[in-house]
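# Got a sequence here, can you model it:
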Amino acid sequence: MKKILVPTDFSPFAINAGKVAFQLARKLEGEVMLLHVIPDLKNLLLAPDATQTETTWEEKYLQQARKNALRQMNKLIEHEQFAIAQVEQKILIGNVSQMIYQEARTWQADLIVMGTHGTTHLEDFLVGSNTEKIVRNAPCPVLVVKDQPVNFMLANILFPTNLLETHLPAMAKLREFQRLFDAHIHLLFVNSLVGFLSSEEIAQRLHNFVQEAHLSDFTFHTVAAKTEEAGILLAAQSLNIDLIALITHQRRGLSHFFLGSISEDVANHALKPVLTLSIKDENYLE
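Prediction:
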C-alpha cells in the first residue's frame, strides 16, 4: 500500500483528510497525489458576461481556478505536517466524482483518503454526493475521516460482518491494515430482528470464517440490536475502537452495505474514521 490519492477542495474537512494521508504515507514510505478537480462549467449555475464570448469567459474562469488551486496546493505541502518526499499535484477539469475515481484507476492508487462534514450533513456526505459516488466506483479502499487525529493510529479495528464467505475478500484487504498497524481486529456480528440466528448458528459461521480467512489477533463480539447500524454504533462506542471497516457493494454504493440493509447512518454518525471495502457485485457493469 504505497500510493495514496487525496482529493481536495481545500475545505477544513479535506485538509484534515490530507493530514491523515500524509501520516500514512510517512509510515508506509509511500507517495501522495493531491488531486483537485475544477467542476465542469456546464454544472455550474453561472452566467457569462454578456459583453464577452462564452469561450473567453470560460478560459478566464479556468485560468483563475487553476492558479488558485495551485497556490493552495503549494501552501499545503510547504507545511511541516505535509512534508514527505513523494508528492504529486494534479488539477483536472470535469465531473468531480468521475475524475477522482478515473484518476485512482489510472494512477493505480492503493487507497483514497477523503474528508466529510460530520454528523449533521447527511445530504452532503452520502445522498447523491461525490463521496458516495467515489466509494461506489473506487478501484481501491476509501478512508473517510472527519476530525484529524493528532496521531493516526489503528490499534483496534471494528469489522462488522455476516461471517459468510462473500466477506472473505474484504477481510483480506483489511488484514493489510492490521499488519501495517499491528492492530487488533474486533469481528462483530449484529443479531438483528431481520435474519436472527441462534448462538449455535453464529458459532458455526464464526468457525468457518476464521478458518477460511486465516485470521489471528482478533476478538469476536455479538450484539443484539433492532438494526445493524444501531448495533455497530453501539459496539464502536463501547469497544473504544479507532476505525470502522465497512463493506459496500459497488453496484449500489453506501446505501447497501452487507446484507443490503445497513443505511448511511453508520458512516454519518460514527465519530471514528470509516474505511470502506468494496465487494464487486457480479451484476455490476463498468
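
# For the rest of this, base every contact and every neighbour count on C-alpha atoms.
Will do.

# Sketch out the low-pLDDT regions of the stretch 151-286 of the chain for me.
249-270, 280-286 (pLDDT under 70).

# Just the CA trace of the strand or helix carrying residue 220, in PDB.
For residue 220, the host element (DSSP states H and E) is strand 218-224. C-alpha atoms of strand 218-224 as PDB (Å, rounded to 0.1, in the frame of the first residue of the first chain):
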ATOM      1  CA  PHE A 218      -8.900 -10.900  16.900                       C
ATOM      2  CA  THR A 219     -11.800 -10.900  19.300                       C
ATOM      3  CA  PHE A 220     -15.400 -11.800  18.400                       C
ATOM      4  CA  HIS A 221     -18.400  -9.900  19.600                       C
ATOM      5  CA  THR A 222     -22.000 -10.400  19.000                       C
ATOM      6  CA  VAL A 223     -24.700  -7.800  19.900                       C
ATOM      7  CA  ALA A 224     -28.500  -8.000  19.700                       C
END
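
# Tell me which other helices or strands that strand touches.
Contacts defined by 3 or more C-alpha pairs under 8 Å, 6 or more residues apart in numbering; DSSP states H and E place strand 218-224 against strand 184-191, helix 228-239.

# Neighbouring strands of that strand in the sheet, and parallel or not?
With DSSP bridges as the test, strand 218-224 is paired with strand 184-191 (parallel).

# and the angle from the partner strand to helix 228-239?
140 degrees (axes from the mean of the first three to the mean of the last three C-alpha atoms, to 10 degrees).

# contact partners of stretch 95-111?
1-5, 7, 35, 37-40, 92-93, 112, 130-131, 133-134, 137-143 (C-alpha atoms under 8 Å, 6 or more residues apart in numbering).

# can you do 7 Å?
For stretch 95-111, contacts defined as C-alpha atoms under 7 Å, 6 or more residues apart in numbering pick out 1-5, 7, 37, 39-40, 130, 133-134, 137-142.

# And stretch 27-37, by the same measure?
2-9, 25, 86-94, 96.

# now with 8 Å?
By C-alpha under 8 Å, 6+ apart, stretch 27-37 touches 1-9, 21-22, 24-25, 69, 73, 84-96, 99-100.

# Give the ChimeraX command for selecting the buried subset of the residues you listed.
Burial among the contacts of stretch 27-37 is assessed by 16 or more other C-alpha atoms under 10 Å; the matching ChimeraX selection reads:
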select :2,3,4,5,6,7,8,9,21,22,24,25,69,73,84,87,91,92,95,96,99,100
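
# quick revisit: quick one: the helices and strands packed on strand 218-224 as TSV, columns for mean neighbour count and distance to residue 219 too.
Output for those, formatted as TSV (neighbours: other C-alpha atoms under 10 Å; distance: least, C-alpha to C-alpha, whole Å):
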stretch	mean neighbour count	distance to residue 219
strand 184-191	21	5
helix 228-239	18	11
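
# okay, those in a markdown table with distance to residue 164 next?
A markdown table is the format used below for these (distance: least, C-alpha to C-alpha, whole Å):
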| stretch | distance to residue 164 |
| --- | --- |
| strand 184-191 | 11 |
| helix 228-239 | 16 |
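
# So which of those is nearest residue 166?
With C-alpha to C-alpha as the measure, strand 184-191 is the member of those nearest residue 166 (14.6 Å).

# Which elements pack onto the helix or strand just after the closest one?
Next in sequence after strand 184-191, counting helices and strands by DSSP H and E, comes helix 199-213. In this structure, helix 199-213 packs against helix 168-181, with contacts taken as 3+ C-alpha pairs under 8 Å, 6+ apart.

# Give me the buried positions along the helix or strand encompassing residue 22.
Assigned by DSSP H and E, residue 22 belongs to helix 12-28. For helix 12-28, the neighbour count (16+ other C-alpha under 10 Å) marks 12-26 as buried.

# same thing with stretch 24-42?
24-26, 30-39.

# among these, which are in strands?
Per DSSP state E, strands hold the following members of these: 31, 32, 33, 34, 35, 36, 37, 38, 39.
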